[in-house]
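>>> Quick one, fold the following:
(one chain, ligands or ions: 1)
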Amino acid sequence: MSGTEALSNLAREERRFPPDPQFAAQANVTAEAYEAAAADRLGFWQTQADRLLWSKRWTQTLDWQPPFAKWFADGTLNAAVNCVDRHVADGYGDQVAIYFEGEPGDRLELTYAELLSQVSRAANALTELGVKTGDRVAIYLPMITEAVIAMLACARIGAPHSVIFGGFSAQALFDRITDADATLVITADGGYRRGAVSALKPAVDEALAKGETNVKHVLVVKRGGNEVAWTPERDVWWDEVLQRQQDTHEAPALPAEHPLFILYTSGTTGKPKGILHTTGGYLTQTAYTHHAVFDLKPDSDVYWCTADIGWVTGHSYIVYGPLANRASIVLYEGTPDTPDRGRFWEIVQRYRVTLLYTAPTAIRTFMKWGDEIPAKYDLSSLRLLGSVGEPINPEAWIWYRRAIGAEKTPVVDTWWQTETGAMMISPLPGVTAAKPGSATRGLPGISVDVVDNEGTPVGNGGGGFLVLTEPWPSMLRGIWGDPERYQQTYWSRFSEQGYYFAGDGAKKDDDGDLWLLGRVDDVMLVSGHNISTTEVESALVSHPAVAEAAVVGATDPTTGQGIVAFVILRGDATDGQTLVAELRAHVASEIGAIAKPRQILIVPELPKTRSGKIMRRLLRDVAENRQIGDVTTLADSTVMNLISEKLPAAASED
Ligand code: 6R9
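Numbering: from 1, shown residues only. The predicted model follows:
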């Protein structure tokens, strides 16, 4: 990226959504937070850390030996005590901690007192099964209460968990179990997925048969009721072992830098990286950002994050941040279209959800399904909407606020990564005048910038690489077992400046607000111009016929790369050559003739990872007429066939 390109239509967005005065008047955090953090960054984070319950308060806030950070290192605390015990001790034992909604419609409410007793039993059970402080536990569960309980039980005894998304294969499980050298696996017989039981335990059995592991036991939750094979010495039923435990457990005080979890990110190439997070700094920043960005009022809000617990969003914003703040959370097991496309809105209506956190991929899908579906439900309880996972296209942002937020709720677009552990860039709902499509600026206490190739900050109106210029409390502490790769991946690109390289491109607009442009690997070079896939996609989505778009650069003999777009139409739009011509003209008028796609293919679906991110690598294979590469991380591997079938029709125009 040249760092000087200013082609963007995005950064010229003129719609502004200042906070509603009523919302601002009651907001948890005001503009003073920026000033406090700017005046004394470490002091600011100390104040936030003091919102937690420490067994021993720290004396040294930050020990920074680049790129290795220790936060609050001589303090001790217990993450589970912070998320559960402390609320019960403060008299909130009867408050609902989890509203669980199973996909088939079964429901369960768990109060903080009940959660405490379950977590204590589970902690005792882990101990009985030989798990000790420091041992790693793999968790491979559906979205059920036991997933939260298992994570907190591990945290309670100081056994770092490694949650593996329930959609991963036996091979992926084996790789992660051996890399983390786990001694216990917690799984279920099965879980509900699109109206049927999908088995989980067979994948664990198959994984453990693949080679040597150190797994001594497999703890199995009964959920699906499906038949499972049983290895008597090794396998134990969750219910059986929990039943015989005491429902009290004395939680140890653990050092702030004690490992809390490892979470594997696949990335686009190479073996998965085990991202390591520790306790005190991670909990400080997840709790603070959840408080500040979602404006949680624990006595009255009902908070729902729709992510899966197998991703970082589930860790930080279903479990640790919200529970540390004493939220009442909704936990939903299934898909948004089971039994029908109104399921999410039915859940919002039923539990009177006030704060909703979901991903652009879901929002664009809802757009495609049409406004009339959410319109059938009472969504008036909602008072704030959040987005995470990909850049949110301005039109999707506007749709979200209008069709879901009744044109009144703040929308917070939150940028962060598995590696950052918690939100880094986001509006503050009571402070920031939001711009659709911009994550706006670094949160209080967070230092971000956009730099050019040489690591020099670009001015307003410029573009380049997103970097983090100062350490932050919830930063990854390394890649499990591979300090070299940690240094190489994140700290070598701008080693001279000592910046963390996020791998994303970004732009600063004339006000200095940030516009995230996706992974730098996805940036296209057309006739010497850097064009981001995000910009062209957002231009396409701003056309009324388009619900979703994915754009790639394909080798082109004259321009270096040519832009190829894959487009999903909205529910009522019709396919056709006139439309394709219209879309090309639309992109030209939104961005400039240089960004006009060489080809536009109307497709029924797009290839996405299991966490909902578009896999442009596979689309590049299609666009360049290559054999399609590795599809194992696709959520639905049949999607590529649907797209390839469309290919012959995709003649290029002019
Ligand atoms: C939390 C999460 C991280 C990557 C990140 C970026 C993209 C996430 C975004 C966003 C633009 C946002 N990303 N949030 N891009 N705007 N609000 O998604 O973590 O799975 O590790 O992905 O996701 O490209 O670098 P993770």
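>>> Up against the ligand, what does this structure have?
By Cβ under 6 Å from any ligand atom, the residues of the chain that approach the ligand are 265, 311-313, 388-391, 413-418, 439, 502-504, 516, 518-519, 611. The way it works is simple: take the backbone N, C-alpha and C, and place the C-beta from them, glycine included.
>>> Let's see that with 5 Å instead.
With Cβ under 5 Å from any ligand atom as the criterion, the chain meets the ligand at residues 388-389, 391, 413, 415-418, 504, 516.
>>> The residues you listed in strands, which ones?
Mapping the residues of the chain next to the ligand onto strands (DSSP state E) picks out 413, 504, 516.
>>> neighbours around the second one, how many?
With neighbours defined by other Cβ atoms under 10 Å, the count for Asp504 comes to 21.
>>> Give the closest residue to it in space, chain neighbours not counted.
Leu466 (4.6 Å; Cβ to Cβ, 6 or more residues apart in numbering).
>>> just the buried members of the residues of the chain next to the ligand?
Buried members of the residues of the chain next to the ligand, counted by 16 or more other Cβ atoms under 10 Å: 388-389, 391, 413, 415-418, 504, 516.
>>> which stretches of the protein have low pLDDT?
For the chain, the stretches with pLDDT under 70 are 1-11, 267-270, 647-654.
>>> for it, what's the longest helix?
Looking only at the chain and at elements set by DSSP state H, the helix with the highest residue count is helix 112-128.
>>> so what secondary structure elements neighbour that one?
On a contact count with 3 or more Cβ pairs under 8 Å, 6 or more residues apart in numbering; DSSP states H and E, helix 112-128 meets strand 96-101, helix 145-157, helix 238-243.
>>> so Asn641 sits in a helix?
Yes: counting by DSSP: H, G, I helix; E, B strand; the rest coil, Asn641 is found in a helix.
>>> so what's the closest residue to the ligand within the stretch 451-600 of the chain up against?
For the stretch 451-600 of the chain, the residue closest to the ligand is Leu516, as judged by Cβ to the nearest ligand atom, at 3.5 Å. The neighbourhood of Leu516, defined by Cβ atoms under 8 Å, 6 or more residues apart in numbering, consists of 391, 415, 425, 439, 466, 504-506, 534.
>>> hang on, Glu252 packs against Asn78?
That one is not Glu; residue 252 is Pro. Yes: at 6.6 Å, Pro252 counts as touching Asn78 under the criterion of Cβ atoms under 8 Å.
>>> So between those two, which is more surrounded?
Asn78 (25 against 14).
>>> my read: that one touches Ala253, true?
Yes: applying Cβ under 8 Å, one finds Asn78 in contact with Ala253, separated by 6.1 Å.
>>> Give me the common contacts of the two.
Contacts common to Asn78 and Ala253, judged by Cβ under 8 Å, 6+ apart, are Ser55.
>>> where does the residue with the shortest distance to the centre of the chain land in three-state SS?
Centroid-nearest residue in the chain: Thr313, 3.6 Å away (criterion: Cα atoms, centre = their mean). At Thr313 the chain is in helix, as set by three-state DSSP.
>>> how about it, what does it touch?
The contact partners of Thr313, by Cβ under 8 Å, 6+ apart, come to 305, 307, 357, 359, 388-389.
>>> ok, now with 6 Å
Residues in contact with Thr313 (Cβ atoms under 6 Å, 6 or more residues apart in numbering) are 307, 388.
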